[in-house]
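Trainee: Have a look; sequence and predicted model below, questions after that.
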Amino acid sequence: QVQLVESGGGLVQSGGSLRLSCEASGLVFSSYVMIWHRQAPGKERELVASIFSRGGTKYADSVQGRFTISRDNVLNAVYLQMNSLKPEDTAVYYCNARHFVYTSQDYWGQGTQVTVSS
């Protein structure tokens, strides 16, 4: 059974930092692209950042230069370091594991709330 468990969300002031973690189990972690998404109230879900097994990364324009995604293929974990946070970063952040070949093997965590106060 695949499980993705996020942690690290919370309340932070504008300009502050948070580090999200996602621990995966029940899958061959190195075969999966790991992705962070977010969804703010009343808005569509947005892909924030993704990282391939060998470390290649992509970012949404809205977080480029402020957020850093990383992964540990030994600990089966993915991280999202969020710096210079803005109120518009407020959202529920979801961890997603998507097999890099068989994309129907697609798993999600339960989400963690990030709230940035102005």
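Mentor: Perfect, thanks for sending it. Residues are numbered from 1 along each chain as shown.
Trainee: Pick out the residue closest to the middle of this structure.
Mentor: Taking CA atoms, centre = their mean, the centroid of the chain lies closest to Trp36, which sits 2.6 Å from it.
Trainee: Show the pLDDT at the residue nearest to Asn76 when sequence neighbours are not counted.
Mentor: Leaving aside its chain neighbours, Asn76 sits nearest to Phe29 (4.2 Å; criterion: CB to CB, 6 or more residues apart in numbering). Quick note: C-beta positions are derived from backbone N, CA and C, even for glycine. pLDDT recorded at Phe29 is 96.
Trainee: Any idea how many residues pack against Phe29?
Mentor: Residues near Phe29, counting by other CB atoms under 10 Å, number 20.
Trainee: wait, what's in contact with it?
Mentor: 73, 76, 97 (CB atoms under 8 Å, 6 or more residues apart in numbering).
Trainee: Redo the residues you listed as CSV? Include distance to Gln3.
Mentor: CSV is the format used below for those (distance: CB to CB, whole Å):
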residue, distance to Gln3
Asn73, 17
Asn76, 10
Ala97, 10
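Trainee: Considering these, which possesses the most neighbours?
Mentor: For these, neighbours tallied by other CB under 10 Å; top is Ala97, 24 neighbours.
Trainee: Just confirm it is within a strand.
Mentor: Yes: under DSSP: H, G, I helix; E, B strand; the rest coil, Ala97 falls within a strand.
Trainee: Please pick out the residue of this protein most distant from its centre.
Mentor: By CA atoms, centre = their mean, the chain has its most distant residue from the centre at Ser118, 22.5 Å.
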